[in-house]
Every structure is written in structure tokens, then in C-alpha cells.
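Asker: I'd like to go over a predicted model; first the sequence, then the structure.
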Amino acid sequence: MTTRRRFLELSGAAAVASPAVAAPAVARAQGTGKVVVVGGGFGGATAARTLAQLQPGLAVTLVEPDPVFTACPFSNLVLAELRDMDQQRFGYDGVRRAGVTVAPTAATAVDPAARAVSLADGSRLAYDRLILSPGIDIGWGRLPGYDEAAAEKMPHAWKAGPQTLLLRRQLQAMEDGGLVVMSSPANPFRCPPGPYERASLIAWWLKAHKPRSKLLILDSKDVFSKQRLFQSAWAKLYPGLVEWVPLSQGGKVTSVDPATLTLVTDFGRHKAAVANVIPPQTAAAIARQAGVADRTGWCPVEPVAFESKLQPGIHVLGDSAIMGGMPKSAFAANAQAKVCAAAVVDLLAGRQPVDPVLINTCYSLVAPDYGISIAGVYRPDKGVLADIPGAGGVSPLEAAGDLRGQEALYASSWFRIVTTETFG
Amino acid sequence: MRLLLSALASILLLAGAAGAADAPAGASSCTGCHAVQAVPDSAIPRIAGRPAAELVRFLHDYRSGAAPSSVMGRIAKGFDDAQIDAIAAWFAAQPP
């Protein structure tokens, strides 16, 4: 209810003179408004397209320097030579066709007081509402020894693109019998089941091409997403190939040495033939610059329109935001973007956004024809997006019929559908 | 407060408030898998334009477990009857 009251204040329903209500009041008078969206991934591109579709009179600008988006979901299949990188790439023509202006440059600074975004090309964009969906930055320096140069030796591949291809080349060049070492960070991080899907698909590829090799996962956690499903599948499909070391058994990587491809824990040193370091992460730099990230490095938002708890007029969604029970996933970013876009349309028109319900569904592939899933349903509760009790959960541990094959099919259909909805 | 706000929201909707502001709670998440636009070769059923009664029946059966499902049973448990009715009506009203 606190949120509702705050929203009434912010939305202008109370007609209190404050900077937060001035802009929407003007927008309402003109029947239009200016919305700037920063970041052209699953969150930002969906938000921009949805805004333009909902309210054709809005001036919607998507700020994204990269002419092509490279999707992280399904990029683990690229590592395992099951998919071509071209299938991960999406341009912004469909976003333009929806009526969005694409600014092909980077956002360098946000001035929340002036309600303007500075761009790398020297121009400035004024906004009535700003939506930040900039994704993650790698937390360089948080893991001793791991910097940009180290990532060229020990790729993170946690932003799909050249890093993905580098890791694939290293796997291809490795001698049969080599040790692949992955490190998985503490929570929170992008795509909680991602490291374990990656381990599974690398194991699948090793079993087919380099069967004497081993895969070691050093984990800074004792529990992870879909854990029992992954571990049961590893025992069945890749016996003796995958070893997972949890935090409590010395899994936390405390430093790395890129010169010798060594990952160091309190319990020992692991020299890898191929090392995939998934490092700690933060909200992307523009979010931190805009003052919407807190001391955790992530962005607290209210749970109805995802407006920043730190800067009025700025909405944050996707991986950079703290979304309560919702994980940092492409499905979640896409779902949050649609809710946020509808709420921004409401706010600009002086209407109160209604409480949303959001769904997350994440598929992981343990093998090309073996899919597992986790789902959740969320609603605002006590100021955060909370799991609705009794809903959600993971695939059953004992699968009836061809459930695993069916979920693998659903996974690939989901990817086609969500990228179509996001990019047109 | 809640009643007043939803009454207000209904009046605004009847007055022709914009677009997906009329999508009921939850519906916009559904389209992440059940797109409104047609996507070829999908193993996930397209539900836009299906009769509302059919969608309501499916969702009730998934929620109760009467119909087997992979993920839909887990998702349907997050919605009450009124929410299911509203989502089904919204999808039914989309172009098939």
C-alpha cells in the first residue's frame, strides 16, 4: 500500500506541484510525451516497441549503439556447435517499423533533474519518462586477477558475441583428455541456470568429440537453479564427466591467474586446459551513473511500474534491476518491459497503473533433446515483486513420457517467439 | 482504496483508454510464449482468437491437474478464476 500511495503522489492524481508530476501533466495536455529507452536487449527493445504500439502519439527513442543485438539465451548451443552464431543476431529494423526512433549511439550520462540523456554523439535527448534496460557489466576487479585482458585468456562468454566464439575455439583446440574448468558466481547474476546449462552442453560436446576430457564447476554457491534436475541428468547422461564443487567444499574461486589458466580456491589451485570464468556482475555503467543503482550495484525499483526507488521519472527493468523474486532472465525482461510500457502510458496520461501479474519461464537444455524448466508467477506485495505462493516450480524429477523432449521443443519455440515479439 | 482504484480504472477503460492498458493482469506475460502475432513452426500452441470458454477450460484443467502439462499447471496456479476469465477473454478478442 505504501507503493500505491507513492504512486498516487507520483502520478499526479493528487495534483501536487512537484517535478515528478509536472512532465506528465504537460504530456497529458498535449496527448503525447517523450519516452527514451536505453538498451536494445529483450527489455529495452520490447519496451520501445510496446510503447509505440500502445500509444502511436508518443515520441519513443531507443538508444542502442550496437546495430545488431546478440542474444544470450541459446548461446550455450553455439558453444556446443549445435547452433550458428548468426541465429543469435537480431537487428532493429522491426523496432523502427513499429514507429520507434533508434539512436545508434551510446548513452553516456543521465541528468535526472533536467530529465535529459546525453549521448556519445554529443546530442541530448529530453524525456518525460526514461526507461533504463542496459543489462549487466562484468564486475572487473571484483575477482582478483580477472580483468579485460584476462577475459581474452579465460573467457566469461556471459555477454554473447566474440567471447562466445572465443570459448568455442578454445574448446575446439583443446586436446582430448583436457580439463575444462568453469567458475560460477554468487547470487545475484544474469541467468541463474545458465552456468549449469552451459556445463551440460559442453559436457554433451565433450562426450561426442573429446570423451576423455573432464569438466569441473567451481561454485560460489551451495545451491543453484534447477539443481536436482541438472545433477540427476549429469549422473545419467555424463557420468564421471561433470564434477560440481559447491561453496562448502571449497568451490569459491578467490583469484585467477590468466598466465597459467589457473583458478584458485581456499582449498587448492585448479589448472585448466580451458577456463570459463563467469565473474561477479553489476548493473551496467549508465544505471550506476544515473544514480539508480544502490550500494549492491543493482537498481531497486517499485513493483508496479518499475520506477526507480532512487530517482523519480526513471524506470529500470531487466537484468540491471532488483525485481524481488523474479530472476534475471530474457523472459523476465520481456515480461517486465510490457508491464512497464503499459504503466508508462498510464502515467503519462495521468492514470494510475494497476497492479500487474508477471510470469517467468526459463528452459534449460541438458542435451539437445533434453529440456527442463522453471516457472514463477509474481505480483507486488509489500513493495516488492513476490512469488505467488503455490504457483511456479521446476519440471518433475521423474519425467513421464517424453516430457524432456517436449520441453526441449518448447525451449526452441520460446526463443523464436520471444525474439519475434522483441525485435519484430 | 483498492475498490475505488479499480472502479476508476474501469471507468477510464470504458472511456477508451489506450491499447494494452486493456490487457488484464498477467496477459502481457503470456505473450512471451503465446505470441499474438503468428510465429511459424512453433511447438507452443497459439491461443490468440481461440474461444474464451475453451481457454478457461484449459486453464482450469491445468490448474487442477486434470489435464497434464509441462509448465502450464505451474503457471495457472498463480491465477484465480476472475483473472483466468479476463485473460481468456482478452486472448479470444485478439485476431486469430
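Answerer: Received it, and whenever you're ready, just let me know what you need.
Asker: and the residue in the stretch 51-200 of chain A that chain B sits nearest to, what pLDDT?
Answerer: When scored by C-beta to the nearest C-beta, the stretch 51-200 of chain A has residue A:54 as its residue closest to chain B, at 3.7 Å. C-beta here means a position set from N, CA and C on the backbone, and glycine is covered the same way. Note on residue A:54: pLDDT of 95.
Asker: surely it is in contact with residue A:340?
Answerer: No - using C-beta atoms under 8 Å, residue A:54 is not in contact with residue A:340, being 11.2 Å away.
Asker: neighbour-wise, which of those two wins?
Answerer: Between residue A:54 and residue A:340, residue A:340 has the larger neighbour count (other C-beta atoms under 10 Å in any protein chain shown), namely 32 against 21.
Asker: get me the contact residues on the stretch 51-200 of chain A for chain B.
Answerer: By the rule C-beta under 8 Å from any C-beta of the partner chain, the part of the stretch 51-200 of chain A lying against chain B is A:53, A:54, A:55.
Asker: which element is the first one on?
Answerer: Using DSSP states H and E, the element containing residue A:53 is helix A:42-54.
Asker: now for chain A, the helix or strand with the poorest mean pLDDT.
Answerer: helix A:2-11 (a mean of 40; mean pLDDT, DSSP states H and E).
Asker: for residue A:76, give its distance to residue B:65.
Answerer: 32 Å (C-beta to C-beta, to the nearest Å).
Asker: so what's the residue of chain B found nearest chain A up against?
Answerer: Per C-beta to the nearest C-beta, the residue of chain B with the smallest distance to chain A is residue B:78, at 2.7 Å. Each residue near residue B:78 by C-beta atoms under 8 Å, 6 or more residues apart in numbering or on different chains is listed here: A:357, A:359, A:376, A:377, A:388, A:390, A:391, A:392, B:26.
Asker: let me know the secondary structure of it.
Answerer: coil (DSSP: H, G, I helix; E, B strand; the rest coil).
Asker: which residue is the nearest non-sequential neighbour of it?
Answerer: Closest residue in space to residue B:78, ignoring its immediate chain neighbours: residue A:377 at 2.7 Å, by C-beta to C-beta, 6 or more residues apart in numbering or on different chains.
Asker: ok, now residue A:272?
Answerer: Counting by C-beta to C-beta, 6+ apart, the residue nearest residue A:272 is residue A:181, at 3.8 Å.
Asker: same thing with residue A:160?
Answerer: Using C-beta to C-beta, 6+ apart, the nearest residue to residue A:160 is residue A:75, at 4.0 Å.
Asker: where does chain B dip in pLDDT?
Answerer: B:1-21 (pLDDT under 70).
Asker: any idea which of the contacts of residue B:78 has the most stuff around it?
Answerer: Most surrounded of the contacts of residue B:78: other C-beta under 10 Å gives residue A:359, at 27 neighbours.
Asker: that one pairs with what?
Answerer: Legend: beta-bridge partners of residue A:359 under DSSP bridges are residue A:377.
Asker: and residue A:180, by the same measure?
Answerer: residue A:215, residue A:274.
Asker: that one against residue A:277, yeah?
Answerer: No - using C-beta under 8 Å, residue A:180 is not in contact with residue A:277; the gap is 11.8 Å.
Asker: return the residues of the stretch 201-350 of chain A in contact with chain B.
Answerer: A:331, A:334, A:335, A:338, A:339, A:341, A:342, A:345, A:346, A:349.
Asker: CSV please, covering the contacts of residue B:78 and showing distance to residue B:70.
Answerer: What follows is these, written out as CSV (distance: C-beta to C-beta, whole Å):
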residue, distance to residue B:70
A:357, 20
A:359, 14
A:376, 15
A:377, 15
A:388, 19
A:390, 18
A:391, 15
A:392, 13
B:26, 19
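Asker: tally of neighbours for residue A:235?
Answerer: 11.
Asker: which SS class is it?
Answerer: Applying three-state DSSP: residue A:235 is helix.
Asker: any idea how far it is from residue A:37?
Answerer: 45 Å.
Asker: what are the phi and psi angles of residue A:108?
Answerer: Residue A:108 adopts backbone torsions of phi -100, psi -30, taken as degrees, to the nearest 10.
Asker: hang on, it packs against residue A:118?
Answerer: Yes - counting by C-beta under 8 Å, residue A:118 is a contact partner of residue A:108 at 5.1 Å.
Asker: on the three-state scheme, residue A:371 is what?
Answerer: Residue A:371 is classified as strand under three-state DSSP.
Asker: residues in contact with it?
Answerer: A:363, A:364, A:365, A:404, A:405, A:406, A:407, A:408, A:409, A:410, A:411.
Asker: what about chain B: which of the residues you listed touch it?
Answerer: Okay, of the contacts of residue A:371 touching chain B (C-beta under 8 Å from any C-beta), that's A:406, A:407, A:409, A:410.
Asker: wait, a helix at the third one?
Answerer: Think residue A:409. Yes - read with three-state DSSP, residue A:409 is one of the residues of a helix.
Asker: show me the contacts for residue A:158.
Answerer: Taking C-beta under 8 Å, 6+ apart, one finds A:72, A:136, A:138, A:190, A:194, A:278, A:279, A:281 in contact with residue A:158.
Asker: again, only using 10 Å
Answerer: Residue A:158 sits next to A:72, A:75, A:136, A:138, A:151, A:164, A:185, A:189-191, A:194-195, A:198, A:276-279, A:281 when contact means C-beta atoms under 10 Å, 6 or more residues apart in numbering or on different chains.
Asker: quote the end-to-end distance of stretch A:238-247.
Answerer: Taking C-alpha to C-alpha, to the nearest Å, the first and last residues of stretch A:238-247 lie 22 Å apart.
Asker: scratch that, stretch A:275-288
Answerer: Across stretch A:275-288, first to last residue, C-alpha to C-alpha, it's 30 Å.
Asker: for it, buried residues please.
Answerer: Under the neighbour-count criterion of 16 or more other C-beta atoms under 10 Å in any protein chain shown, stretch A:275-288 has A:275-284, A:286-288 buried.
Asker: mean confidence score for that stretch?
Answerer: 98.
Asker: so how far is that stretch off the chain centroid?
Answerer: 11 Å (C-alpha atoms, centre = their mean, to the nearest Å).
Asker: likewise stretch A:209-222?
Answerer: On C-alpha atoms, centre = their mean, the centre of stretch A:209-222 falls 24 Å from that of its chain.
Asker: can you dump the C-alpha coordinates of it into CSV?
Answerer: Taking C-alpha atoms only, stretch A:209-222 is exported to CSV below (Å, rounded to 0.1, in the frame of the first residue of the first chain):
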residue,chain,number,x,y,z
HIS,A,209,34.2,-35.1,-29.5
LYS,A,210,36.7,-35.4,-26.7
PRO,A,211,35.4,-38.2,-24.4
ARG,A,212,38.5,-38.5,-22.2
SER,A,213,38.0,-34.9,-21.1
LYS,A,214,36.5,-33.7,-17.8
LEU,A,215,34.5,-30.7,-16.7
LEU,A,216,34.9,-29.1,-13.3
ILE,A,217,32.5,-26.5,-12.0
LEU,A,218,33.8,-24.4,-9.1
ASP,A,219,30.8,-22.7,-7.5
SER,A,220,30.5,-19.8,-5.0
LYS,A,221,27.1,-21.2,-4.0
ASP,A,222,25.8,-24.3,-2.3
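Asker: which residue lies nearest the spatial centre of chain A?
Answerer: residue A:319 (3.9 Å; C-alpha atoms, centre = their mean).
Asker: secondary structure class for that one?
Answerer: Under three-state DSSP, residue A:319 comes out as helix.
Asker: isn't it right up against residue A:189?
Answerer: Yes - between residue A:319 and residue A:189 there is a contact at 8.8 Å, judged by C-beta atoms under 10 Å.
Asker: find the residues that touch each one of the two.
Answerer: Contacts common to residue A:319 and residue A:189, judged by C-beta under 10 Å, 6+ apart, are A:136, A:281, A:327, A:328.
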